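Q: Here's my sequence, what's the structure:
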Amino acid sequence: MKKKIFSLLLAVSVFTFAQAQDKPVVKAAPTDSTKRTPGSALGSGVKAQPKPYNEVITDKAITRRGMITSHKLEDKYFFEIADSTLGRDILVVSRIAKSGADVRAAQGYAGDQIGSSVIRFEKGPNNRIFMRKVSFRTYGADSTASMYQSLKNSNIQAIAASFNIAAYSPDKRGSVIDITDYLNGDNDIFYFGSPQTKNRFRLGAPLSDRSYIQSIRSFPMNVEISTVKTYTLTSGQAPGTPPPAGGAPTGSSTVELNTSLVLLPAVPMKARYADPRVGYFTVGYTDFDLNPQGVKDVELIKRWRLEPKPQDLAKYKRGELVEPAKPIIYYIDPATPKKWIPYLMAGVNDWAKAFEKAGFKNAVMAKLAPTYKQDSTWSIDDARNSAIVYKPSEIANASGPSISDPRTGEIMESHINWFHNVQKLLHDWYMIQTAAVDPRARKMEFDDELMGDLIRFVSSHEVGHTLGLLHNFGSSSTVPVELLRDKKWVEANGHTPSIMDYARFNYVAQPGDNISKKGLYPRIGDYDNWAIEWGYKYFPDQKGPKAESLVLNKMVIESAKNRRLWFGTESNPDDPHSQSEDLSDNAMKASAYGIKNLQVIIKGLPEWTKEPVDGYDNLKNMYGQLTTQFNRYLGHVTKNIGGIYENPKTVEQAGTVYQRTPAATQKEAMQFLDVQLFKTPMWMVDQTILDDIGMNGLDVIGKMQSATISRLLSTNTLAKLIAGEAADGDSAYKITDLFSNLDASIFTELKSNQPIDVYRRNLQKVYVDKLISIVKLGSTDAQSGNQDAVVTSRSDVLSVAKGELKALNTLIKNAANVAVGLDKYHLQDLSDRIEGALDNKKD
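A: Below you'll find the model as predicted:
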């Protein structure tokens, strides 16, 4: 999820670091005056009187030196802040380090970010240190302009906390403050960034008697604070809403939180403006200089600072590959199982070739973390060390977060979370998508080589995120579907041009195509190479981001000639080209191939899921994965109905940005749904499997049909069809076309006087009930505030829904006259429901 942090570029002083130490430092002239120390009287009006340094920091102190030197004295913690650090911008990022099941149930997992701020320490009057929370919502780039000073005068930074100076450093170049009370308290800078965030995790008031500071570790450019916090549990629901079933939770929950204080660079990196045609994470601000007659919202991409060494600049300008001054290095967590280390490292090293497009060799690499014997000062928590952290967690996932400078977007460090149970996720995906064509996938425990290959793919994907790249859900849509079955082509080019797509594996390939793993796995592709070139190419002669943007825009316009370099955002709910888990330029053809493979796989599941002395949990899980995959195919196709393609452009480019999905494509989608879903997919109703896992086919099929009809008849879809007809006239796929196609697919038996089986009766009830819900929604008072109700009542949606119900009622009544048994009762029931809705009867 993209989060903006706003930035104001200010001059800052140079800071030098001392080497981090983990051993206690003995202080001179010890005293016994540590029982009570000044420096923690937050907000007090009493003038602080600093004591001699050795009376505050005694020989009993455990000291760790770094960006901010930390001291521990019994249960007290002190910060010693050098004068050279005062006024420096410090990024504060808070995350959950460990959580219990009650918090995980609310999606609170290790690694989840819960807060982010920028602070600045400065000296205040009366021997105090102020901690300001820096707001970067506005920016004026030209410090010589009158607007710059006006902005500074209008944006005084809030004082978030005040600390008495307990002592001055022996050299008089630093101040000691007692940070204990602030860390033991509950604040929105070091912990949960907002009440809404805490409420999402169902956490209420802190319980101080069950909370404590676990450790503070200081490093040259960061400080890591570990705290254990206990909170009361809340319902977690929005104000005014009823509590969840079973009542609100009671008791408390304990979480371990990690707070990182990272010193931002004294000399900010040259920023790069974002472009919606290339997918990067961003930071942003409101600029008062770019538009002389107003303001402009500006977004900057997140990327590492990659620059040539000064002595190699001339070579770089000549187009020679050079090594960067500071390469991007990912260390492998020593806790990682040894057999997976080569694959995780390969996932990192695979990106090195992409950076050659930007002019850098050996720009990104993986290394083993040094052992304590090799380097006793090395720590995985040191912000100078990015890492893939292996976590023994039941979470079936991996994530690639990073910490970046909010002023410029410079990525400072990244700790990729690699959860052990991601292997289960990979197993299930691969079996369900490729077992029809890859015999290696036909068992519950894959060989190490296969699992290693899958780990390598996910490693590359997560590293891509930490390089700044967004998901590119549109990439796979640039590949013609039949090429995915072409062994030579797909093995040479891959089944998607971007590893940042959620394209997973090549489910289109058929058993007779003989496609090897090279044509089944995702890989770093053409788009990824292009995106890295655009984001990391160095332009020493361009003095700022505005000048660079002119050059970069020309690069993007040129790239538009190659559709494989296209970026499709993950955030557009209307564009059929930008979808998760899909393949190819035609969802209908690709999904039909995928279904053929599922029909092969379902026959093999009982045998493939067998394990000695085991029940049917494996079979139940994999059957669930199969139905989920089938449902994905339905979703890919359904999104074409009322679809709107988005192609971001600048004014220099020809064509429109938005284009409605052609009527022929929408008709093809409806035909697919008729054949694959509305005509009952009985191949999924394997009664032997269902009897072994305790499920029934009516529920399985019914849920899919209901979900698809709800998507087709959503207010959003119907409104887009009406708007499409208004724009394109008779050439559009109209709302009346949709209802006509649904009518013909769902009520076939009524027109041919055929018996209606139980699956079809259920489908017809689902459809009629959805139409009735539209009529009821349209009858809702427009003043209710329900936007769907307003849209339905004020557009043709309500009129068409009523007209469809009336036409159906006539058809149903005629059929009921000749029907017998359950069919007759079913049709009479449908007629009663329709007439009740049209008569506006109240429940």
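
Q: for residue 598, what are its contacts?
A: Neighbouring residues of residue 598 by C-beta atoms under 8 Å, 6 or more residues apart in numbering: 432, 436, 626, 629-630. Every C-beta, even on glycine, is put in place using the N, C-alpha and C of the backbone.

Q: and if you look at residue 297?
A: By C-beta under 8 Å, 6+ apart, the contact list for residue 297 reads 284-287.

Q: rerun at 7 Å
A: 284, 286 (C-beta atoms under 7 Å, 6 or more residues apart in numbering).

Q: secondary structure class for it?
A: strand (DSSP: H, G, I helix; E, B strand; the rest coil).

Q: what's the distance between it and residue 612?
A: The gap separating residue 297 from residue 612 is 61 Å, by C-beta to C-beta, to the nearest Å.

Q: same check, this time on residue 395
A: Counting by C-beta to C-beta, the gap from residue 395 to residue 612 is 28 Å.

Q: Can you lay out the contacts of residue 598 as CSV showing distance to residue 749?
A: Below are the contacts of residue 598 laid out as CSV (distance: C-beta to C-beta, whole Å):
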residue, distance to residue 749
432, 33
436, 33
626, 28
629, 29
630, 24
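
Q: As CSV, these with secondary structure would be great.
A: Formatted as CSV, the contacts of residue 598 follow (three-state DSSP):
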residue, secondary structure
432, helix
436, coil
626, helix
629, helix
630, helix
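
Q: Now for the residues you listed, which sits with the most neighbours around it?
A: Tallying neighbours with other C-beta atoms under 10 Å puts residue 432 at the head of those, with 29 neighbours.

Q: show me the contacts for it.
A: Residue 432 touches 601, 625-626, 629, counting by C-beta under 7 Å, 6+ apart.

Q: go with 6 Å
A: Taking C-beta atoms under 6 Å, 6 or more residues apart in numbering, we find residue 432 in contact with 625-626, 629.

Q: per-residue confidence for residue 113?
A: Listed pLDDT for residue 113 reads 80.

Q: Oops, could you answer that again for residue 436 instead?
A: As predicted, residue 436 sits at a pLDDT of 98.

Q: what's next to whichever helix or strand residue 79 is part of, contact-wise?
A: Taking DSSP states H and E as the criterion, residue 79 maps to strand 76-82. By C-beta under 6 Å, 6+ apart, the residues outside strand 76-82 that reach it are 68-69, 71, 121, 174-180, 213, 216.

Q: so of the residues you listed, which ones are in strands?
A: If you go by DSSP state E, the contacts of strand 76-82 have 69, 71, 121, 174-178, 213, 216 in strands.

Q: what's the closest of these to residue 687?
A: The closest of the ones in strands among the contacts of strand 76-82 to residue 687 turns out to be residue 213 (C-beta to C-beta; 59.9 Å).

Q: which residues in the stretch 551-700 of the chain form strands?
A: Counting by DSSP state E, counting those that start in this stretch, the stretch 551-700 of the chain has these strands, from start to end: 644-646, 658-660.

Q: meant to ask about the stretch 401-550 of the chain
A: Under DSSP E, counting those that start in this stretch, the stretch 401-550 of the chain gives strands at 402-404, 411-419.

Q: Out of these, the one nearest residue 387 is which?
A: Nearest to residue 387, of those and by C-beta to C-beta, is strand 411-419 at 5.5 Å.

Q: Okay, now the sheet partners of the closest one, with direction.
A: Applying DSSP bridges, strand 411-419 is found paired with strand 386-391 (parallel), strand 398-399 (antiparallel), strand 402-404 (antiparallel).
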